[in-house]
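>>> Whatever this is, show me its structure:
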Amino acid sequence: MNQEFVVGQPAEFSVVIKAVLEEFSVKKAEETLVIALVGDLGAGKTTFTQILGQTLGVTEHITSPTFTIMKTYSLNHNQFDNLVHMDAYRIEDETELVPLKFSEILNNPRTIVCIEWPEKISSIVPQSAIKIAIKIIDNEKRKVFVSG
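Numbers count the residues shown, from 1 in each chain. Have a look, this model is predicted:
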């Protein structure tokens, strides 16, 4: 999957989300869906995860887990049971993820894992992860590159 989108309003991330979910449901329905979100501060990584959560039925407000590192949201969806949102920005060593049982989460089918700042833990991000790179065009628009 290699696609490019231009997003204006946050709700327009739903077009990207639809493409990712459709691609995943065809190819890897029994695997963990890992989404590696790349972009500068303020690019829209958390906003993408918020719209994804809304799409999948999360009723809680999704916030950046910068200080908690990781948060899990239960889903009532035909394909997924959990949305795990991780912010690896503050991770200095991948061993910090052991108490969070992150390797188990990555092997849990029916789970979506969104990782902000995946480059900080690149050796444990699966090769099968879908990479979503968000680039700021201006205050109103983002260019979104989807690969994987």
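
>>> which SS state does residue 50 fall under?
helix (DSSP: H, G, I helix; E, B strand; the rest coil).

>>> from memory residue 79 sits against residue 112, does it?
No: counting by Cβ atoms under 8 Å, residue 112 is not a contact partner of residue 79; they are 9.1 Å apart. Using the backbone N, CA and C atoms, a C-beta is placed for each residue, glycine as well.

>>> mind checking how far stretch 72-79 is from the chain centre?
Its chain's average C-alpha position is 14 Å from that of stretch 72-79, according to Cα atoms, centre = their mean, to the nearest Å.

>>> Excluding its own residues, what touches that stretch? List them.
Here stretch 72-79 makes contact (Cβ atoms under 8 Å, 6 or more residues apart in numbering) with 21, 25, 29, 53, 56-58, 60, 62, 81-85, 110, 112.

>>> same deal with stretch 60-71?
Stretch 60-71 is contacted by residues 46, 49-50, 53, 73, 84-91, 96, 100, 102, 116 when judged by Cβ under 8 Å, 6+ apart.
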